[in-house]
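Peer 1: Sequence first, then the predicted structure:
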Amino acid sequence: MPIISNECQTIGLIGNPNTGKTTLFNCLTGASQKVGNWPGVTVEKKEGSLIGHNNHTIVDLPGAYSIGAHSEDELVARNYIIFEKPSAVINVIDATNLKRNLYLTIQLLEMEANVILALNMMDEVKIKNIEIDIPKLSTLLGIPAVPIIAKNNQGINDLVKYCTPNSLKTVKSFRLEYGPDIEAKLSKLENALQARGILSTRYPLRFYALRLLEKDRNILEIDEFTNQETAKKEILAIRDECLCNLEKTYGENLDTTFIEKRYAFIESIIGQVISNEEGESANTFSDKIDKIILNKYLGLPIFFLVMLLVFKFTFTVSAPLTGYLETFFELWGGWLSAVITNEFLASFFVEGIIGGLGAIIVFLPVILSIFLAMSLLESTGYMARGAYITDRFMRAIGLEGKAFIPLVIGFGCNVPAVLATRTLECRRDRMITILISPLMSCGARLPIYALFVSAFFQQYQELILFSLYFLGIILAIIMAKIFGLFLFPGKPTPLLVELPPYRLPTLKTTLIQIWKKGSGFLKKVGTTILVFVILIWILSNLPWGVEYAGPESLMGYIGTMIAPLFAPLGFGTREAASALLFGIVAKEMVVSTLALLYGTGQEGLITVISQLWTPLSAYSFMVMTLVYIPCTGMIAAIKAETGSWKWALFVVLYTIVLGWVMSFLVYQGGLLLGLGT
Amino acid sequence: MTEKNSVLNYIKSGSKVIINNICGGEGLKIKLSEMGITRGAKIKVVHNDGWGPVIIGLANSRLALGRQITHKIVVENIV
């Protein structure tokens, strides 16, 4: 990559969704990117260094259609540009859709950012026979405009060269006129802001005046105004007076007037810059595919088929990798226990630390595969179609179509399901989906079902399994409605989603992305899981010298103590109670704990269960494992995605209560029906 | 409003319309407008099966709008 300057540079990257911004980001930063969170919010922050130049940072700002700051994403982007003042902002646009993409550009120019226009997807422009006079566009906007094809790495060097301080010095200052009456009010507000001397000259005053007139709620919520309540009130009063005045002329259309004027300006530019009419195109190739994919009758079956394929793909790809990792950790543990002579230390390191690390890393293949599948769905454009197809059904339970995807993912593993809720823009929908995701019966619960089904229900295995999955779904629907009514009142956002043209995904971009996402996620949840595992280790091994998790250990005491709580559910034994406790660490541990405590291997366990338990208590136990407390990975993920322990705790509490109640109903109901033995 | 006006909900697939008005709350009007769905915009109804969300074509882009939204967009057929 060409060097931009000898000094440190920060460059922001912004654009509409589906413009290939991420591909461009990967071109510019390669593997140096880091994923984290913007401080104070749950918006993802991606940063990296320009390839070959460590002192040039590229910051990937959240994709947006505008910087009206209607959402957290947009607010983060805006604040970054105004306060951090990056040396340049690369505005990636989809050149086949100039009109809508330029809206954001106009707003960036009004914010007085140093914008460089990157016209991406020039290959598609060529195919559509659109001719864009790029130099003219550059002149009309007063900023550099560079054609690129990010997925082929074309034009990137030229783009970077335009970020040099020299070429940016020639940027004209931009001004879009809104008409004499509005302009008068803008001047008035600018003077008001300036007069109070609160905002220094580095602030784009005109932009602030515009945002005030557009009734932006966040615009004065900045540090400079913290102890200036009087000044704030005065400015808002002037603003209200201006609005009152303007409403006489514009009426109820005042809000959209600003937007319409910007689009009128954009239209005039496009008229001068595009020679082939960017008309309402005849049915494109994508439209033709959509006729089938979104067909009233075929749409849903095709969707289920795709979901099934996603599952098969994820588990086929990740299973062998998980196997290798598990073996690796076993070997590592074995080696360490041979090498460390002190029994206490050996146990701590092997069962505690390595066991803990293993519990975390074993998630990695599954998470990466699911991310890969999701990324492919997203970049091909199918994800948006999925939201369209499932919208009607999801709305019936109070959620929007896009919520279907995380829930389906939850059937594989609840943890990536929580992460997948990021695509839901509305906090209400995102929260409800996160809260009901533990009720999706995940893959880790299958061994538990397998055990009890083998012991008692061989004949009816499909039926029993189906009933459990079904119960999970019913409970999820009920809880979604309850949470929607009491915790997050309001309707789900109406569907408003862009259907990008079907495109082939670029593998390299996808792979870098998922690796970063996966490892970033693990770092976040890893600490929590490790802490829990060590805690369990302590409880199982102390007082030192006791039989691991035996009746004399702390874990054993706890098991014996809480066992009576499960008596009305049909499994009031120390073994069952301890198994459930271990199951909080990871659901997979329930079966291994039972095997350990009954003193059998996995094979002998089935026989023991069939002798010591009853079919009814077995089913009741399975219901409990379906519903009760999610695993530590899940708890950590919920904390990470909601930003607080409060919600993670809430999920723990509601699931244990719901689990207990459901098990109770099943067991006691079963007894009443005479199904006891 | 002339008799030729209708809401987007009832427009057949393949039709071309011009938007005359958007009834609705501030938030919705602004959100739609920012995406180019403004008064005076010319759009094509790509897919409307009377049941699911309506897909409109705005220049080269395709947007799916829930029926609660399309119910509020007043349009007129253009030939």
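Peer 2: Happy to help now that I have it. Residues are numbered from 1 along each chain as shown, chains lettered A, B, ... in the order given.

Peer 1: what's in contact with the host helix or strand of residue B:33?
Peer 2: Using DSSP states H and E, residue B:33 maps to helix B:26-34. By Cβ atoms under 8 Å, 6 or more residues apart in numbering or on different chains, the surrounding residues in contact with helix B:26-34 are A:65-66, A:68, A:70, A:103, A:215, A:255-256, A:259-260, A:263, A:494, A:496, B:22, B:38, B:69, B:72-73. The way it works is simple: take the backbone N, C-alpha and C, and place the C-beta from them, glycine included.

Peer 1: tell me which residues of that helix are tucked away?
Peer 2: Neighbour-count burial for helix B:26-34, with 16 or more other Cβ atoms under 10 Å in any protein chain shown as criterion, is recorded at B:28, B:29, B:30, B:31, B:32, B:33, B:34.

Peer 1: cool, stretch A:442-455 as well?
Peer 2: Under 16+ other Cβ under 10 Å, the buried positions of stretch A:442-455 are A:442, A:443, A:444, A:445, A:448, A:449, A:451, A:452, A:453, A:455.

Peer 1: for stretch A:414-422, same thing?
Peer 2: For stretch A:414-422, by 16+ other Cβ under 10 Å, it's A:414, A:415, A:416, A:417, A:418, A:419, A:420, A:421.

Peer 1: Tell me where the model's unsure across chain B.
Peer 2: Residue ranges of chain B with pLDDT under 70: B:1-3, B:79.

Peer 1: can you pull the contacts of the residue in chain B that chain A sits nearest to?
Peer 2: Among all residues of chain B, residue B:66 sits closest to chain A, at 3.6 Å; criterion: Cβ to the nearest Cβ. Applying Cβ under 8 Å, 6+ apart to residue B:66 gives the contacts A:391, A:395, A:494, A:495, A:496, B:53.

Peer 1: secondary structure element for residue B:76?
Peer 2: Per DSSP H and E: strand B:73-77 holds residue B:76.

Peer 1: chain center to that strand, what's the gap?
Peer 2: 7 Å (Cα atoms, centre = their mean, to the nearest Å).

Peer 1: which SS class is the closest residue to residue A:182 other than its chain neighbours?
Peer 2: Excluding its sequence neighbours, the residue lying closest to residue A:182 (Cβ to Cβ, 6 or more residues apart in numbering or on different chains) is residue A:246, at 6.7 Å. Recorded secondary structure, residue A:246: helix (DSSP: H, G, I helix; E, B strand; the rest coil).

Peer 1: how many other residues sit next to residue A:246?
Peer 2: 17 (other Cβ atoms under 10 Å in any protein chain shown).

Peer 1: Please look at it and residue A:180 and confirm they touch.
Peer 2: No. Checked against Cβ atoms under 8 Å, the pair residue A:246 and residue A:180 is beyond contact range at 11.6 Å.

Peer 1: shaky segments in the stretch 351-500 of chain A?
Peer 2: Using pLDDT under 70, the stretch 351-500 of chain A drops low at A:355-356, A:359-360, A:362-363.

Peer 1: quick one: the strands in it?
Peer 2: A:496-498 (DSSP state E, counting those that start in this stretch).

Peer 1: burial count for residue A:238?
Peer 2: 17.

Peer 1: ok, back up a step: buried stuff in the strand holding residue B:76?
Peer 2: B:73, B:74, B:75.

Peer 1: ok, now which ones touch the last one?
Peer 2: If a contact means Cβ under 8 Å, 6+ apart, then residue B:75 has B:5, B:6, B:7, B:8, B:11, B:17, B:18, B:19, B:20, B:43 as its contacts.

Peer 1: Strands - which of those residues land there?
Peer 2: B:5, B:6, B:7, B:17, B:18, B:19, B:20, B:43 (DSSP state E).

Peer 1: Helix or strand next in line after the strand or helix carrying residue A:523, which one?
Peer 2: Per DSSP H and E, residue A:523 falls inside helix A:507-541. The helix or strand immediately downstream of helix A:507-541 is helix A:554-562, counting by DSSP H and E.

Peer 1: That next one packs against which elements?
Peer 2: helix A:507-541, helix A:574-585 (3 or more Cβ pairs under 8 Å, 6 or more residues apart in numbering or on different chains; DSSP states H and E).

Peer 1: where exactly do the helices run in the stretch 1-150 of chain A?
Peer 2: Assigned by DSSP state H, counting those that start in this stretch, the helices in the stretch 1-150 of chain A fall at A:21-29, A:72-79, A:98-110, A:122-127, A:134-141.

Peer 1: circling back to that earlier point, just the closest of the buried residues of helix B:26-34 to residue A:607, please.
Peer 2: residue B:31 (62.3 Å; Cβ to Cβ).

Peer 1: residue boundaries of the helices in the stretch 301-450 of chain A?
Peer 2: A:343-347, A:355-361, A:364-380, A:382-396, A:404-410, A:414-420, A:427-436, A:446-456.

Peer 1: Switch the ones you listed over to CSV; also include distance to chain B.
Peer 2: Formatted as CSV, those follow (distance: least, Cβ to the nearest Cβ, whole Å):
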stretch, distance to chain B
helix A:343-347, 57
helix A:355-361, 39
helix A:364-380, 15
helix A:382-396, 5
helix A:404-410, 14
helix A:414-420, 19
helix A:427-436, 13
helix A:446-456, 34
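
Peer 1: Appreciated, that's everything.
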